[in-house]
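In: For reference, the sequence and a predicted model appear below.
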Amino acid sequence: MISSPPSQSSLLSTDLLAYYRQLSLESLTVVDVETTGSVANDCRVIEVSVLNASLKKGIYSQQTYLVNPQVVVPEMITRFTGITQAMVDRGTPAAEVWTECLPALSTGVLTAHNLEFDYGFLRAEYQRLGIPFVRPPQFQFCTVLLSRLLLADLPSRSLPALVQHFGFEVGASHRAEADTIACWLLSKWLLTQVQNEADEPLLSRFAQQWVRLQDAAIILGCSILQAETILSKAKITFKKSKRGNTTLYPRGEVEAVLWQRGRQLSLS
């Protein structure tokens, strides 16, 4: 049984490593959806792919559907995905697709690149059918979050950027089948690193992750204002997010402050 996952940003690196080592032994259910927009309750899924795999067995099933939810496909979505209104109109009715996908989606660890997006759409589609769809936190795996820990030095951790970085041969991005395979290959690479590398080099890579001030405060066990003061006095490196509205700190430096504070308390 997988233990509940620690918060990606606010728990210690050692906790995160133990969790991902445990997760690497599980079967994954990798999913990708293409949609008519970004808001799950207002928009619809027009393509879905579900892939079942594990590090031990590799891929053992995949199903992909063009979905007909009987809605208009915006031109912007067609330009982005290549999925046209005619393709969707010839697709499988939504109720049939979600009935077919439910057994596969209900097993293994639900996995996606930016899982919050895909999971939100899955829940909304099943809610329309009156079917509750809930995957507990210990059965959820977002490859974006682990990428931030293991690939902190890359300029972008978007799925197309990672496909290019690793040279995955999966076909065009922004189509469900290709993106699901890409997410599986990324999951395989990330979790294989977790399984096979020693603690020290992995924790060194985790240390490069940039965490928000509010997450640094949770690591330090204090308020945001106190954390800002503590990190400023310790002369910890910081930077602003791309949008400039969030202060970020290196995880390793924040954890070093925590250990130093703990040492000082034990000596006092």
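Out: Noted; the coordinates are in hand.

In: what about the helices in the stretch 1-150 of the chain?
Out: 13-23, 75-81, 85-89, 94-105, 115-128, 143-150 (DSSP state H, counting those that start in this stretch).

In: Could you look over those helices and pick the most buried one?
Out: Of all the helices of the stretch 1-150 of the chain, helix 143-150 carries the top mean neighbour count, a mean of 22, counting by mean count of other C-beta atoms under 10 Å. C-beta here means a position set from N, CA and C on the backbone, and glycine is covered the same way.

In: wait, isn't residue 172 in contact with residue 181?
Out: No: assessed by C-beta atoms under 8 Å, residue 172 is found out of contact with residue 181, at 11.6 Å.

In: what about the two, which has more around it?
Out: residue 181 (23 against 12; other C-beta atoms under 10 Å).

In: nearest spatial neighbour of that one, skipping sequence neighbours?
Out: residue 170 (4.7 Å; C-beta to C-beta, 6 or more residues apart in numbering).

In: same deal with residue 48?
Out: residue 33 (5.0 Å).

In: and the one you found, how many neighbours does it have?
Out: Neighbours of residue 33 (other C-beta under 10 Å): 24.

In: Return the distance of it relative to residue 87.
Out: Counting by C-beta to C-beta, to the nearest Å, the gap from residue 33 to residue 87 is 15 Å.

In: Please compute how far the helix ranked longest in the chain lies from its chain's middle.
Out: Longest helix of the chain, by residue count under DSSP state H: helix 176-196. Put simply, helix 176-196 sits 11 Å off its chain's centre (C-alpha atoms, centre = their mean, to the nearest Å).

In: Could you chop the chain up by domain?
Out: 13-201, 209-267 (automatic domain parsing).

In: Let me have those domains in a markdown table, extended by mean pLDDT.
Out: Below are those laid out as a markdown table (pLDDT from 0 to 100):
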| stretch | mean pLDDT |
| --- | --- |
| domain 13-201 | 96 |
| domain 209-267 | 90 |
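
In: which one of the ones you listed is the most hemmed in?
Out: Highest mean neighbour count of these: domain 13-201, a mean of 17 (counted as mean count of other C-beta under 10 Å).

In: re the thing from before, dump the C-alpha coordinates for the longest helix of the chain into PDB.
Out: Taking Å, rounded to 0.1, in the frame of the first residue of the first chain, the C-alpha atoms of helix 176-196 are listed here in PDB:
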ATOM      1  CA  ALA A 176      -3.700  12.500 -26.600                       C
ATOM      2  CA  GLU A 177      -2.000   9.300 -27.800                       C
ATOM      3  CA  ALA A 178       1.300  10.900 -28.400                       C
ATOM      4  CA  ASP A 179       1.300  12.900 -25.200                       C
ATOM      5  CA  THR A 180       0.300   9.900 -23.100                       C
ATOM      6  CA  ILE A 181       3.200   7.900 -24.500                       C
ATOM      7  CA  ALA A 182       5.500  10.900 -23.900                       C
ATOM      8  CA  CYS A 183       4.300  11.100 -20.300                       C
ATOM      9  CA  TRP A 184       4.900   7.400 -19.800                       C
ATOM     10  CA  LEU A 185       8.500   7.600 -21.200                       C
ATOM     11  CA  LEU A 186       9.100  10.600 -19.000                       C
ATOM     12  CA  SER A 187       7.600   8.700 -16.000                       C
ATOM     13  CA  LYS A 188       9.800   5.700 -16.800                       C
ATOM     14  CA  TRP A 189      13.000   7.900 -17.000                       C
ATOM     15  CA  LEU A 190      12.200   9.800 -13.800                       C
ATOM     16  CA  LEU A 191      11.200   6.800 -11.700                       C
ATOM     17  CA  THR A 192      14.200   4.700 -13.000                       C
ATOM     18  CA  GLN A 193      16.500   7.500 -11.700                       C
ATOM     19  CA  VAL A 194      14.700   7.300  -8.300                       C
ATOM     20  CA  GLN A 195      15.100   3.500  -8.200                       C
ATOM     21  CA  ASN A 196      18.700   3.300  -9.400                       C
END
